[in-house]
Structure formats: structure tokens, C-alpha cells
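K.L.:
kindly return the folded structure for what I paste below:
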Amino acid sequence: MTNHWIDIKNSDCIMIIGNNAAESHPISFKWVTKAQENGAKLISVDPRFTRTSSKADIYARIRSGTDIAFIGGIINYCLQNEKYHKEYVAEYTNASFLVNPEFGFKDGLFAGYDKEGRKYNKATWAFQLDEKGIPKKDKTLQDPNCVFQLLKKHYSRYDIGTVCKITGTSKKIYKNVCETYCATGVVGKSGTIMYAMGTTQHTHGTQNVRSYAILQLLLGNMGVAGGGINALRGTANVQGSTDHCLLFHILPGYLKVPVEDNVDLASYIKKWTPQSNDPKSANWWQNTPKYIVSLLKAFYGDKAQKSNDFCYQYLPKRGADYSHISLFEAMYAGTINGLFVWGQNPAVSGPNANMERKALENLDWMAVAELWDTETASFWKAPGVNSSTIKTEVFLLPVAASMEKEGSVSNSGRWSQWRYKAVNSPGSAKSDLEIIDMLYKKICKLYQSEGGAYPGPILDLFWNYGNVPDPHKVAQEINGYTISTGKLLPSFGKLEADGSTCSGNWLYCGSYTEEGNMTARRNSQDAPNNIGLYPQWAWCWPVNRRIIYNRASCNPKGKPWNEDKYVVKWTTDPVSGWKGDVPDGPWPPEDRYAFIMTQEGHAQIFGAGMADGPLPEHYEPMESPTKNTLNSQKVNPATKIWKTDKVDAYGDVDKYPIVCTTYRVTEHWQAGAMTRNLPWLSELMPSMFVEMSKSLAKEKNIKHGDMVIISSARGSIKAYALVTDRFKVFEINGKKVDQIGLPWHYGYKGIATGDSANCLTPHIGDANTMIPEYKAFLVNVKKGV
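P.N.:
Okay, the predicted model is just below:
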């Protein structure tokens, strides 16, 4: 989230798209309700009429996989009707930047496309520079090569009629959405977008989010109270795990993972430290040397010295994509022999789950750390599997639940909050920290007694958390300290690139200081601006800033766009400077640009860093019931298409004419292990079901409660029919198209059991992140026996 949960109450209009917050985030939905009580409008965009939709002022139906068309049309409406915040767009975004005249776009492809490699040469995706190396600008936004004019031209094709042919949305309702949401472009108004996996789990999921960001920037909704792009995280600590490099392409604090040509620290710093010639650009990532050296000191302590590049050579150099899909493709091919599964259940949650279960059969060993025996731990007991043919040795490690261990979690709003241990864990279950500590120490002993290839990266680690690891010591190392004194640092402004400081995550520097554990604070007094910042409740990265890019909540002179809901404002007092939230940098407003994290200091409407284009373009899902109306490219042209054997097949519309999506229910949690083993929740939602429209049920001679067979190119499952008005048939390009929905929580272990929805989903992912396309694929249904 750029903002936070409580801030939603400050919004004048809330668009919930790709998420059903009332069910999936029911407690947080109170802030949506509070905003409505204050007069805000709620727009629910969803293929299914959900509990969120039932609370909305406007419900807009949308076919799964068509977000960019839907948002692109709003962008076009905003531009054509001049609903955008003109001063904000000209001053704070790169809309005024002039792009290379050779850049172009034709028939769904941007300049530089390599068809054979399915990737782009981005040479022309660059800005024109002046003699000082600073991007040229036209703040009148009239130059044909400026980003604003390119944006306007790009989305001129997204008229209401065309959009509604693609999305299946009613034209009348869609126009109402455009008018209502674009009203937040008025100076002093704010709108927020709340999204989750319904947005990201597509072959163009990253560009879905980009389209939201572009719309928010046009309307001046970034950095302001009640604005922002707000990701609704799926569990209590998804944000924290991402911050601390759960994903394969980042190190803690979103530092880049070294790649093959980063042969030494100098080459790493040169590649990943952006340069700016504009003195008004804070270009915050110029501090990368400080953050990577301090991280290496946290990793390797006294072993990391300037003379040995601070042990940089110990970091692995990434030469490939190690996303979930890629890993399971490698397991399926027999390339990977061992696997740790920690708090995951891919036999239920992974795409093409039948294939992924099959991939587990090719391992020599697998260790699963879990609360219960799961489908992954017992993949060899799956229905129809002959366990005598499986060689994989499985180790099931009992692990403590969240209330049985102490430590911090970081919520969607970036608030890191300390939790205390409530009860001891049962039996021999241990915390994740204890397990990894034991594992590390055992591996060290094996290296010391038996030797092994390249022991340095393991044996030289600085590991000093106690005989029984203390989470407070871990938190203090994450915060960082001065090497010579051991004093905890107050903020990342004190980190250095010379090896005199360490920090396990620069973003969390300031979370555990000499004043104590900031994440454990529980002072419920609001800030003086009284907009729900609560700055002394827990701690928020970065530097306890509750709303990021908050300098953009003021005009270039530092005066708030809305004085009544100001986030920060510039004062004439030379000592205090900014008042309100922790500002995005201490400089006077006219000394630095507002968007301090970007290289040029401006928000990026034109995003040249994307793998699949600097502007979002509509492409159909890999499996689609219709042709692409806007261009002749079917699927995202930069998406990797896997081709191994028949279990990876993609379905066609003649055999599988029905769109399917997956979602949650309130009663179950993720892949189900934490809820399907509880009798009371299993009783509330005992069995796998499929939601379908009354018209589809009638066509297929299916009645409410019947057993139904749902099939895709990957396999088939059974589920009970839930015949409902929540789904209705779409009209797409003049053709009737049905859509159904499946909860994805079920499996064959636990009390509440059922077939897994992901046995149907395809092994294909987003062009930028490789997140699987769970939310739009093709199936057929028939009455079961």
C-alpha cells in the first residue's frame, strides 16, 4: 500500500477491483464503511456480485482478464473530458517528458519487439535529453512526442463502446463509473483503488496495476489522504515477507539480486545504482552502495571487509528465472532434486496442481515445515497415486503457529507490529526461527566434519542469535547498528558504504533503536492533522512514514491541495520545515521533486522498465473465449509460454467455452490447512462448490446442489453446484459468454475436503513477475453422477 488501512476513511471514492474486501478482508472493510458514512462512493468491479458489491453504490460486472480495457477506458474518458489534475500531472509526473521520436506502437506491439525471443529491445523507450543529460520537458503537454500526447493517442482507441464489448460491462453503468471516479480529479478530492490477487494473477497482472497507477496520477490521487494504490495482502505478513526478500529477484529492502555480469561489488553498484544529472531529483536509489554494503556487513560481520569486497563474492549470481512456475517446471524435468516447503501447500495452491504434484515425485527429498499434514506433505497419498513408484523421501517438521511465537508482522499498510507469544506450541513443534537456526548449525557441523564445495558463504555467516535464537536480536540486526560502538541506528540516513554500519534491511532501519522496539509501541494518539496516521502506534517503513510520496499532497510551493485533510505542509519555521506525516525528504518543496524514489524525481506514467511495454495494453488471457478486439496479439507478447508435454496444454474455446476464475471464502484460509482442520470452520464451509448462473445451469440441466464435473485442458474436478444470480451471462463482441467461479481452498487432507480448483489452472504467468494466471482460464461443465 502507498497509504494504509485507516486512511481509506479519508477517500471520496473507493474503487475495489480484483478483490472482494468485504469477505477476504472483513475487518478492514470497516474503513470503507466509515468512508461511505462520510459521503464517499464505493465502486465494486467484479465478475461476480459479491458481498462487497452488495455494499457498493455502483456495481460493474467485468469479464475476468479485461482490467486494462476497463481502466484504459476510464483513462481515455479522463483525458478526453479533461478531468485530470492539470498542475499535478505537469509538475509531478513524466507526462511532460519528451520520448525518443523513434518510439512507436502498432497493432499491440511497441517498438523493438523480438518475435522469436518474445521480448523487447528497449533502445527507443528512452527520453530525449538536453545538453546536461536531463530529460527534455514540455509542461504545456502539447509536444507530439511528450508522454502525455503518447498516452492520449494510445488510449483513444479505448472508447466506451469498444471497452464494453471486451469487458461485458453495461455501457450505462460503465459511463457512471467513469464519471464518478474521475470526479476525484477535482483539486481537494481524493479517490483510492483497492486491489488484490484478482488484479495480479494474470499474464498481464503487473500492467493491470500500472494502469491503476496511471489513472491515479492523472487524477492527482497519489500521496494524498484517501488516495493511493492499495494492495490488500493475503496474509498478516505477506508485506513483511516481501520486504525481507521472499521473492527470488530481490534482496532485503528491494535491493537487486546480483546477476551474472555483476562479477564484483563495483560492477553490481554500477549496474544497479541509477544516476541523475538533475540537481532537483533526490534519486534515492543513489544510496544503493550504502544499503548493499550494510547488508553484507549484517550477513558476514567481521569477515566482510573492504579488502575482500565485503564478501560480495559469496552472493549467488542469478542467471535465470526462479519463480514458482519455473521451479516446478525444473522439478518436473528432474533438474531440481531437493525442496524445502515452508508454510506453503503447492499441491493445492500451485497452478496445474496435477502437474506440480507429479513434479514432486521426481525429487530425491522434500522437507515440509507445517502445522498439519498437508496435501504437499502427503502428495504421495493423493487419490489415484501409486506410492510404491515414488522415490521422494518426505520429512514433515512440526512448526509453531503465529500465536505460539514472538516477532513482528508487517501488514498491508507497511505497519510493522510486534506480537508476543501467547501459548507454548504443542509437542515438538518449533518456531520457524528455531528450525532455521538448528538447520544452519547442523549444516555448519557437516561442513566442518566432512568438508564440501565452497563452504565460505555458509561458514562465514555472522550468526549470533543465542543458543535458542532470540527474535529481538534478529530484529536489532535488521534495524542495524554502528560497528564500532554497537549502538542501534535511528534511521537509514546513518548508513554508510564504507563498512562502518550494518543493517539487515535498510527499509527497517529505525524500527528497533536505542529508544527501544518501535514496532511494539501502542500509543493510540493521532497526529495533529487528525487524519488517522497514529504515528506512535507500531512503526511503519520507511522512517515511520504513513503515506508515501506525501510531498505530492501539496502544490509545488508546499501548500496542501486539501487543507482539511493535509498529509504534510510546508511551514515558514526554518526549524520544523514540514508539518504532519514524516515527509518524503526534509528539503524545502521547491528544492526537490516530489517522487524521490524515481531516477528523474517524477512519477512514471511512461514506464520503460516494464518487460511488456511502457504503457499498459489490453491482451486476452492465454485461454480466452474471444479474439482481441484492440489488436491482433492474443496473449501478452512478452509472456513466457511453457511447452513441455501434454499436462501443460492450453485449452481452446471450442472444447472449453466457459470462463472460470478462482477466489476465497471468509471461512477458509489460503490453501486450507489452517481452516480445513478446524471442525467449526469445516462445518460452515464443508465442501468444494462451483458458482454458476441460472442460465448456464438451465442450459446444462444442472440443479442447485447437484454434483458437477468441471474440466479444463489440465484435468477435471468435481464440485457441488451453487446456482446463483451472482453470476450472469456476458455479451462479449456480440457473443454470449458464461463465467463460473471456484473457491481454491480445498484438497484431500483435513476435515473439509474436496477437489482442488488449481487442478484446472494453467502453467503460465505474468510477463514481469511470473505470477500464475489463476483468475482467467477456460473450462467446460457437465452434470456429474
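K.L.:
for the longest strand anywhere in the chain, buried residues please.
P.N.:
Longest among the strand segments of the chain by residue count, using DSSP state E, is strand 715-724. Within strand 715-724, the residues that count as buried by 16 or more other C-beta atoms under 10 Å are Gly715, Ser716, Ile717, Ala719, Tyr720, Ala721, Leu722, Val723, Thr724. In short, each C-beta sits where N, CA and C put it, glycine included.
K.L.:
closest to Asp7 out of the residues you listed?
P.N.:
Within the buried residues of strand 715-724, the smallest distance to Asp7 is 34.0 Å, found for Thr724 (C-beta to C-beta).
K.L.:
for the closest residue to that closest one other than its chain neighbours, which three-state class applies?
P.N.:
Taking C-beta to C-beta, 6 or more residues apart in numbering as the measure, Thr724 lies nearest to Glu691, with 5.5 Å between them; neighbours along the chain are not counted. Taking DSSP: H, G, I helix; E, B strand; the rest coil as the rule, one finds Glu691 in the strand state.
K.L.:
surely Glu691 is in contact with Gly741?
P.N.:
Yes - under the contact definition of C-beta atoms under 8 Å, Glu691 touches Gly741, with a separation of 4.4 Å.
K.L.:
now do the shared contacts for the two.
P.N.:
Common neighbours of Glu691 and Gly741 are listed as Arg48, Phe727 (criterion: C-beta atoms under 8 Å, 6 or more residues apart in numbering).
K.L.:
these two: which is more packed in?
P.N.:
Neighbour count, other C-beta atoms under 10 Å: between Glu691 and Gly741, Gly741 has more, with 24 against 19.
K.L.:
over to the more buried one: give its phi and psi.
P.N.:
phi -140, psi 150 (degrees, to the nearest 10).
K.L.:
make a markdown table out of the buried residues of strand 715-724 and add distance to Asn230.
P.N.:
As requested, those are arranged in a markdown table below (distance: C-beta to C-beta, whole Å):
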| residue | distance to Asn230 |
| --- | --- |
| Gly715 | 36 |
| Ser716 | 37 |
| Ile717 | 33 |
| Ala719 | 32 |
| Tyr720 | 34 |
| Ala721 | 35 |
| Leu722 | 30 |
| Val723 | 34 |
| Thr724 | 29 |
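K.L.:
of the residues you listed, which one scores lowest on pLDDT?
P.N.:
Checked by pLDDT, the buried residues of strand 715-724 have Gly715 as the lowest-scoring entry (93).
K.L.:
who are the contact partners of that residue?
P.N.:
Remark: with contacts taken as C-beta under 8 Å, 6+ apart, Gly715 is in contact with Asn354, Cys759, Leu760.
K.L.:
which residues sit against stretch 696-704?
P.N.:
Outside stretch 696-704, the residues within contact range by C-beta under 8 Å, 6+ apart are 658, 692, 708, 721-723, 727, 729, 738, 740, 781-783.
K.L.:
for that stretch, list every residue counted as buried.
P.N.:
Using 16+ other C-beta under 10 Å as the burial criterion, the residues of stretch 696-704 that qualify are Leu696, Ala697, Lys700, Ile702.
K.L.:
check contacts around the residue lying closest to Ser412 once chain neighbours are set aside.
P.N.:
Distance criterion C-beta to C-beta, 6+ apart; nearest residue to Ser412, sequence neighbours excluded, is Arg233 at 4.2 Å. Under the criterion of C-beta under 8 Å, 6+ apart, the contact list for Arg233 reads Ala196, Gln239, Asn411, Ser412.
K.L.:
how much space between the nearest residue to His249 once chain neighbours are set aside and Asn287?
P.N.:
If the residues on either side of it in the chain are set aside, His249 comes closest to Val257, at 5.6 Å by C-beta to C-beta, 6+ apart. Note on Val257: its distance to Asn287, by C-beta to C-beta, to the nearest Å, is 18 Å.
K.L.:
just Asp67 next, same as before
P.N.:
Note on Asp67: its distance to Asn287, by C-beta to C-beta, is 34 Å.
K.L.:
so those two - more neighbours on which side?
P.N.:
Set Asp67 next to Asn287 and count neighbours by other C-beta under 10 Å: Asp67 wins out with 30 against 16.
K.L.:
hang on, the earlier thing: now rank the contacts of Gly715 by neighbours and give me the top one.
P.N.:
Comparing these by number of neighbours (other C-beta under 10 Å), Leu760 comes first, having 29 neighbours.
K.L.:
isn't that one right up against Ala719?
P.N.:
No - judged on C-beta under 8 Å, Leu760 makes no contact with Ala719 at a distance of 10.5 Å.
K.L.:
returning to what we had before: could you point out which element follows the longest strand of the chain?
P.N.:
Taking DSSP states H and E as the definition, the helix or strand that follows strand 715-724 towards the C-terminus is strand 730-732.
K.L.:
which strands and helices lie in contact with the next helix or strand after that following strand?
P.N.:
Under the assignment DSSP H and E, the closest C-terminal helix or strand after strand 730-732 is strand 735-737. Secondary structure elements in contact with strand 735-737, counted by 3 or more C-beta pairs under 8 Å, 6 or more residues apart in numbering; DSSP states H and E, are strand 730-732.
K.L.:
please state the offset of the strand it packs on from the chain centre?
P.N.:
29 Å (C-alpha atoms, centre = their mean, to the nearest Å).
K.L.:
which residues touch that strand?
P.N.:
Contacts for strand 730-732 (C-beta under 8 Å, 6+ apart): Arg61, Arg63, Lys165, Ile166, Gly168, Pro625, Thr626, Val659, Lys736, Val737, Asp738, Gln739.
K.L.:
ok, that strand: who's next to it in the sheet?
P.N.:
According to DSSP bridges, strand 730-732 has the following sheet partners: strand 735-737 (antiparallel).
K.L.:
how about the partner strand: buried residues?
P.N.:
By neighbour count with 16+ other C-beta under 10 Å, strand 735-737 contains the buried residues Val737.
K.L.:
same question for that strand, mean pLDDT?
P.N.:
Predicted confidence along strand 735-737 averages 96 (mean pLDDT).
K.L.:
these two touch, right, Lys565 and Gly226?
P.N.:
Yes - with contacts defined as C-beta under 8 Å, Lys565 counts as touching Gly226 at a distance of 6.6 Å.
K.L.:
overlap in contacts, those two.
P.N.:
Common neighbours of Lys565 and Gly226 (criterion: C-beta under 8 Å, 6+ apart): Asn10, Ser190.
K.L.:
which elements pack onto the helix or strand of the chain with the lowest mean pLDDT?
P.N.:
Taking all helices and strands of the chain together, the one with the lowest average confidence (mean pLDDT, DSSP states H and E) is helix 238-243, at a mean of 89. In this structure, helix 238-243 makes packing contacts with strand 407-410, judged by 3+ C-beta pairs under 8 Å, 6+ apart.
K.L.:
let's go with 10 Å and repeat that
P.N.:
In terms of contacts (3 or more C-beta pairs under 10 Å, 6 or more residues apart in numbering; DSSP states H and E), helix 238-243 is packed against strand 229-231, strand 407-410, strand 415-419.
K.L.:
how about the nearest residue to Tyr534, chain neighbours excluded?
P.N.:
Distances taken as C-beta to C-beta, 6+ apart put Asp526 closest to Tyr534, at 5.6 Å, once the chain neighbours are dropped.
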